[in-house]
Structures are given as C-alpha cells and as structure tokens.
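J.: Have a look; sequence and predicted model below, questions after that.
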Amino acid sequence: MKPLFKKLPPLQTLTFFEAAARHGSFTRAADELCVTQSAVSKQIKLLEDYLEAEVFHRERRQVVLTENGQTLFAEVKGMLGQLADSCNRIRSRGYSKNVTIVSTVAVAHYWLFPRIARFNMEFPDININMYTTDEIDEEHCRKSDLGILYGYNRWQSNLTGHYLFRERIYPICAYDLPLTEISAPEDLLQNRIIHLDPFKWRWLNWGDWFRHFGINYSASGNSPVFNQVPLAINAALQGMGVTLGWEFMIQDLLANRFIRIAGDFHVETDQADYLVYSTARPLSESAALFRDWLLQDARADAGRVEALIGHMNARCD
C-alpha cells in the first residue's frame with residue numbers, strides 16, 4: 001500500500017492555500033502568515049504542480065478559486081480546523097489550569113458563582129472562566145469545557161449530563177414584608193405580584209405556576225415586570241411584592257433571612273438542571289476535578305431548602 005504521506009501535498013502548501021482562499025488575496029494571506037507575497041505565490045504554485053491543476057484564477061487585485069480550488073477548500077478548511085483542535089486538546093490535556101463553564105445568568109448568579117469562590121479557595125491554581133447567556137443551548141456547551149443545561153437529560157448531540165438539582169419553584173417575598181393571610185395559592189393574588197417579562201423569560205412564569213393549582217391568571221397592567229430573575233428577586237428583597245423563587249436560587253437568601261416563603265405550597269416540574277460536557281473529547285484533569293467537585297457539592301445541598309423552610313415554620317409555631 002502506498003504510504004499516506006505520498007498521497008498528500010506538503011502540509012505547508014495546504015495551510016498557505018487555506019489562508020489565500022479565505023482572504024481571496026495572496027497579499028492578505030501573506031500578512032496573516034507573516035511571510036512575503038511571493039512566498040505565498042510559491043507555495044500555491046507547488047500545490048498546483050502537485051495536483052496538476054490550477055486552484056486559483058489570478059486576477060488583478062484578487063484571486064478567485066477555480067472549481068478544483070473550491071472542492072479542495074471545502075475539505076481543507078475543515079481538516080485543518082479539526083487538526084488544530086486536536087493539537088490544542090493534546091497540548092492542554094493534563095496541565096491546563098483553565099476551565100470554561102457556560103450557564104444562564106440566573107444559574108451563574110445564584111448557584112454557580114458562590115461555588116466557584118469556594119472551589120478557588122480549595123484549588124487556587126485552577127482558573128474557572130464563567131460565561132452566561134439566557135439563549136444557552138447544546139452548541140454553547142459543546143464549545144466550553146462544561147455547561148449547565150435545563151431539560152430532561154436527553155440531548156441531541158454528543159453531550160453527557162449529570163443531575164445537579166430539580167426545578168422547584170416557591171412564592172417568595174422579603175422576610176419582613178407584611179402579607180394578607182395566605183392559606184391557599186389564590187390568596188397570593190391579594191398581594192402585589194412581581195413578574196418576569198414573558199417575551200424575555202423562557203421558563204416557568206406566574207401563569208404557569210398558578211395553572212398547576214387550577215387557577216387561571218394573567219398579569220394586570222400595573223404589575224412590575226423585569227426581564228431578568230435577579231432583578232425580580234431583588235425587587236422582592238426591597239419589599240416590592242411577591243415573586244417566584246427557584247429552589248436553587250434561594251438557599252442563601254433563606255438561610256440569612258433575607259426572604260421567606262409566601263405560603264406553604266410550591267410547584268415542581270419534571271425537568272431539572274444538568275452538568276453537561278462533550279463526549280467528543282476528553283476533559284482536562286482540571287475540568288474533570290471541577291466537574292466532580294460540583295457534583296459532590298450539589299448532592300450535599302439536596303434537601304437544604306426544605307430543611308430551612310421547616311426550621312422557619314417551627315420557629316413561627
């Protein structure tokens with residue numbers, strides 16, 4: 001069998017070709033590669049000699065791919081990108097001290113950020129880079145070392161997921177906010193309700209929450225509306241009314257008595273948040289360590305909110 005290297009042109013000719021094809025210019029490719037324009041031209045000529053076919057039409061101010069050039073470029077740009085990714089992963093494997101994780105703003109603000117601070121106290125040499133987007137999807141998570149996704153742990157792409165926490169939502173208010181007597185969910189409607197903008201907030205809202213109890217509800221025109229859950233919770237902290245509080249968000253606020261549960265009822269969905277990562281590449285040692293640390297911390301926190309609520313109710317009795 002003919003050795004593979006004898007079936008391929010020199011790698012350098014392909015890297016020069018990719019740059020020239022992408023820029024449509026030998027001059028701009030030369031600037032990117034930190035070589036002269038004539039060096040680029042020479043490498044392209046070597047490639048064409050090897051292929052026995054032209055890959056560019058030379059025009060006065062630009063170069064344009066021939067049909068053969070278009071075919072080659074479609075393959076080369078993907079091949080070089082994959083090769084670069086593989087080399088970077090190998091170089092970083094085992095000694096990389098940088099870990100990237102992506103989540104929604106709310107998860108980062110209330111759940112992830114405090115844990116990163118604690119993790120850094122234990123492992124100060126590992127740097128955690130956190131990115132947030134409320135448009136988070138599987139693609140965001142594949143591009144990061146780790147991600148936190150909400151759903152059923154059935155992902156379309158090559159992601160694996162580990163359970164972090166359930167979705168349980170309580171009505172909450174400032175600890176010292178006076179409320180009307182609340183013995184049923186509909187009693188909450190006698191108080192001011194703080195809303196999340198339904199056009200910006202993609203998850204459960206007050207209409208969904210009340211529907212679980214058979215109550216038809218729509219927001220009144222004079223209800224305060226916020227486009228981010230940290231803003232809505234902050235409004236509740238300022239005594240502006242009652243808002244929805246996700247269990248994972250309110251642990252520390254309950255423990256420090258900044259808020260209380262406004263009524264002895266909640267909604268729990270059949271979805272949850274999962275720590276996910278791509279199975280297409282191995283995690284670095286640092287990313288694997290952070291993954292295991294987060295999962296252990298999440299298990300230790302399970303049931304904490306219920307215990308806090310029970311303690312508060314016992315004090316009130």
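T.: Yep, that arrived.

J.: which stretches of the protein aren't confidently modelled?
T.: When residues are selected by pLDDT under 70, those of the chain lie in 1-6, 88-96, 311-317.

J.: and it, what are its domains?
T.: The chain breaks down by automatic domain parsing into domains covering 4-92, 97-317.

J.: where do the helices sit along the stretch 201-317 of the chain?
T.: 206-211, 229-237, 247-255, 285-301, 304-316 (DSSP state H, counting those that start in this stretch).

J.: Against Phe248, how distant is Gly263?
T.: According to Cβ to Cβ, to the nearest Å, Gly263 stands 19 Å off from Phe248. From N, CA and C alone the C-beta is placed, and that goes for glycine too.

J.: err, Leu189, not the other one
T.: Distance, Leu189 to Phe248, using Cβ to Cβ: 26 Å.

J.: same check, this time on Arg299
T.: Separation of Arg299 from Phe248 (Cβ to Cβ) stands at 13 Å.

J.: Between the two, point out the one with more neighbours.
T.: Between Arg299 and Phe248, Phe248 has the larger neighbour count (other Cβ atoms under 10 Å), namely 22 against 11.

J.: Tell me who's in contact with the closest residue to Glu139 other than its chain neighbours.
T.: Using Cβ to Cβ, 6 or more residues apart in numbering and skipping the chain neighbours, the partner closest in space to Glu139 is Ser157 (7.8 Å). By Cβ atoms under 8 Å, 6 or more residues apart in numbering, the contact set of Ser157 is Glu138, Glu139, Arg142, Ser278.

J.: and the longest helix for the chain?
T.: helix 67-92 (DSSP state H).

J.: That one to helix 285-301, inter-axis angle?
T.: Calculated by axes from the mean of the first three to the mean of the last three Cα atoms, to 10 degrees, helix 67-92 forms an angle of 70 degrees with helix 285-301.

J.: Show me what helix 67-92 is packed up against.
T.: The elements that helix 67-92 packs onto, with contact taken as 3 or more Cβ pairs under 8 Å, 6 or more residues apart in numbering; DSSP states H and E, are helix 11-23.

J.: What is the helix it packs on packed up against?
T.: When contacts are defined as 3+ Cβ pairs under 8 Å, 6+ apart, helix 11-23 sits against helix 26-33, helix 37-51, helix 67-92.

J.: Is it correct that Ala20 is in contact with Glu32?
T.: No. Contact criterion Cβ atoms under 8 Å: Ala20 and Glu32 do not qualify, at 9.4 Å.

J.: Looking at these two, which is more packed in?
T.: Ala20 (28 against 14).

J.: circling back to that earlier point, tell me the buried residues in the longest helix of the chain?
T.: The neighbour-count check on helix 67-92 (16 or more other Cβ atoms under 10 Å) flags Gly69, Leu72, Phe73, Val76, Leu80, Ser92 as buried.

J.: Closest one of those to Gly241?
T.: Nearest to Gly241 out of the buried residues of helix 67-92 is Ser92 (Cβ to Cβ; 48.3 Å).

J.: show me what contacts the most centrally placed residue in the chain?
T.: In the chain, the centroid-proximal residue (Cα atoms, centre = their mean) is Val102; its distance is 3.0 Å. Applying Cβ under 8 Å, 6+ apart to Val102 gives the contacts Met130, Tyr131, Thr132, Thr133, Ile136, His140, Cys141, Lys143, Ser144, Leu146, Gly147, Ile148.

J.: Let's see which of these end up in strands.
T.: Met130, Tyr131, Thr132, Leu146, Gly147, Ile148 (DSSP state E).

J.: Could you turn the buried ones of those into a ChimeraX selection?
T.: With 16+ other Cβ under 10 Å as the criterion, this ChimeraX line picks the buried residues out of those:
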select :130,132,146,147,148
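
J.: With distance to Thr36 as added columns, please give the ones in strands among the contacts of Val102 in JSON lines.
T.: What follows is the ones in strands among the contacts of Val102, written out as JSON lines (distance: Cβ to Cβ, whole Å):
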{"residue": "Met130", "distance to Thr36": "43"}
{"residue": "Tyr131", "distance to Thr36": "39"}
{"residue": "Thr132", "distance to Thr36": "44"}
{"residue": "Leu146", "distance to Thr36": "44"}
{"residue": "Gly147", "distance to Thr36": "44"}
{"residue": "Ile148", "distance to Thr36": "48"}
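
J.: Going by distance to Val267, which of the ones in strands among the contacts of Val102 wins?
T.: Val267 has its nearest neighbour among these in Ile148, at 20.8 Å by Cβ to Cβ.

J.: which residues touch the residue nearest to the closest one when sequence neighbours are not counted?
T.: Nearest non-adjacent residue to Ile148, counting by Cβ to Cβ, 6+ apart: Ser103, 4.1 Å away. If you count contacts by Cβ under 8 Å, 6+ apart, Ser103 has them with Leu112, Met130, Tyr131, Thr132, Ile136, Gly147, Ile148.
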